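In: I need the structure of the sequence given here:
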Amino acid sequence: RQDCPLEEVECPNEGCGKHMLRQDTAEHDKRCRYKTVSCSTPDCPEQLLRRDLKHHLEETCKFVEVPCPQNCGATMERQRVERHVAEGCPETTVDCPGGC
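Out: Residues are numbered from 1 along each chain as shown. Sure thing, here's the model as predicted:
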């Protein structure tokens, strides 16, 4: 019975709860929003639910390449933006040491 393709089973991913035929589990697993997946950015070690991946990539992944927020044309990992703006961006406005 454990290998009957027509047996109804529940998705094993916590939080999903979807029921399907055993023969359909592999296809469901490829798109289940509750499956734990690795971030698709090469250096990122994060493991997260597939449903959270888009937000992670767009907002929080430290290893995603992003453009300089000051439009200098440079791109860098998100984790390096703050330092770039503070120390290396040619578009950063700095106070004149002479007080002008």
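
In: Tally up the residues packed near Glu7, please.
Out: Per other Cβ atoms under 10 Å, the neighbour tally for Glu7 reads 11. Using the backbone N, CA and C atoms, a C-beta is placed for each residue, glycine as well.

In: before we move on, what about Cys32?
Out: 20.

In: measure the nearest residue to it once chain neighbours are set aside to Thr36 for me?
Out: Closest residue in space to Cys32, ignoring its immediate chain neighbours: Asn13 at 5.2 Å, by Cβ to Cβ, 6 or more residues apart in numbering. Using Cβ to Cβ, to the nearest Å, we find Asn13 at a distance of 8 Å from Thr36.

In: Looking at these two now, which is surrounded by more residues?
Out: Shown here are Asn13 and Thr36; by other Cβ under 10 Å, Asn13 has more neighbours (17 against 12).

In: returning to what we had before: sec struct for the residue nearest to Cys32, please.
Out: Put simply, Asn13 is coil when judged by DSSP: H, G, I helix; E, B strand; the rest coil.

In: And it, how close does it get to Gln47?
Out: Distance of Asn13 to Gln47, given as Cβ to Cβ: 13 Å.

In: Thank you kindly, that will do.
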